[in-house]
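> Sequence and predicted structure below; questions after.
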Amino acid sequence: MLEWKKSLAYIPAGSENDWTTTIHIAASEGYVNMINELLNHCPDCWEMLNSSGQNVLHVAMSNNKRRVVRFLLNSKLSHNLIDEADNDGNTPLHLLAASNRLSVPVKLRGHPGTKKMLFNKENETPLDIVVSNRETTNKK
């Protein structure tokens, strides 16, 4: 279908206030081959955001899709994705920290984007979120 009409990859799906794109759906389901195919036909669709202002890496992190995260981090595009904030000011690293799934892919640990001080709208860095989660867990 993409060979016939590439614009299909860019059409949002959902309602007026809550929509997503093909690449976000593929990321949320863990379909690495689909993402690869989309990027082969429409190389700029990795820049697309959903209605929450999230890129494809946000969605992969939120849905704990490790294969997708690894695939994206191995691409040359990842340096642009990793420090991009969503509508709440959260980067993919903030979402990972908040998820309590701290089995961070090795590729992410040394990534240039992880060295920046990234603050969300709550004025928190990913490290602040991790520490807060640990303190909450210890209290429970």
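Happy to help now that I have it.

> Look up phi and psi at Ile23.
Geometry field for Ile23 lists phi and psi as phi -70, psi -30, criterion degrees, to the nearest 10.

> okay but it is in contact with Trp46, surely?
Yes - with contacts counted by C-beta atoms under 8 Å, Ile23 reaches Trp46, the gap being 6.8 Å. No exception for glycine: its C-beta is placed from N, CA and C like everyone else's.

> Tell me which of those two has more neighbours.
A direct count of neighbours by other C-beta atoms under 10 Å for Ile23 and Trp46 places Ile23 higher, at 24 against 19.

> Which per-residue confidence value corresponds to that one?
For Ile23, the pLDDT comes out at 94.

> Please apply the same query to the one 5 residues further on.
Residue-level confidence at Ser28 comes out at 95, pLDDT.

> Which strand or helix spans it?
helix 22-29 (DSSP states H and E).

> residues of that helix that come out buried?
Of all the residues in helix 22-29, those buried under the rule 16 or more other C-beta atoms under 10 Å are 22-28.

> Now do Ser7: how many residues are near it, please.
Residues lying near Ser7 (other C-beta under 10 Å) number 8.

> okay, it: pLDDT?
Ser7 is assigned a pLDDT of 76 by the prediction.

> And Lys121, by the same measure?
According to the prediction, Lys121 has pLDDT 73.
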